[in-house]
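Participant: after the sequence you'll find the predicted model.
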Amino acid sequence: MANSEEQPEKHCWVCFATERDDYCAEWVSPCRCKGCTKWIHQSCLQRWLDEKQKGNSSGVVNCPQCGTEYRIIFPRMGPVVYFLQQVDRALSRISPFAAVGVVVGTVYWSAVTYGAVTVMQVVGHKKGLYVMERADPLFLLMGLPTIPVLLVLGKMIRWEEYLVRVWQKYSYK
């Protein structure tokens, strides 16, 4: 006669594997479920919990069958891990501002370079260098980036038509 208390074969309710499919796997029974939903692979449980928490390690997750809340206990962190988490948190706060600074700095220095090249092309290479070497550095840092801005605006805005209308209005007839 068969033993009535014989354990049924373990079935993982996440991957549907049995004990025979993966005999080396670590099996756990994390809740009050009975029968075929009682057992789950440790690795499947961890993966399933990660999916349910969606990156929030303090999120509450319950068993979908019996409603038992899973209590997740993390090991204590060492000082190195704590330090790295603090560095990561600080860098996460700073990085958007640093990225904006890099973009603004790149656009600014590109405009300064374009302005300097434009000056040297208009007045000549030697004369342009001479003029820029003698100019006030603050004037150069503020004036050179305005050259490409004004060149672009000069092409976008129809200033010639406005100038012709003003000329016709105020010129002697």
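Facilitator: Great, that's in hand. Residues are numbered from 1 along each chain as shown.
Participant: ok, how many other residues are close to residue 149?
Facilitator: Neighbour count of residue 149, defined by other Cβ atoms under 10 Å: 12. Backbone N, C-alpha and C define where each C-beta goes, glycine included.
Participant: now do the SS call for it.
Facilitator: helix (DSSP: H, G, I helix; E, B strand; the rest coil).
Participant: quick check: it touching residue 110?
Facilitator: No. Residue 149 is beyond contact range of residue 110, at 11.5 Å (criterion: Cβ atoms under 8 Å).
Participant: could you report the separation of the nearest residue to residue 13 once chain neighbours are set aside from residue 124?
Facilitator: Once flanking residues are discounted, residue 13 sits nearest to residue 37: 4.9 Å by Cβ to Cβ, 6 or more residues apart in numbering. The spacing between residue 37 and residue 124, counted by Cβ to Cβ, to the nearest Å, is 85 Å.
Participant: buried stuff in stretch 33-46?
Facilitator: 33, 37-41, 44-45 (16 or more other Cβ atoms under 10 Å).
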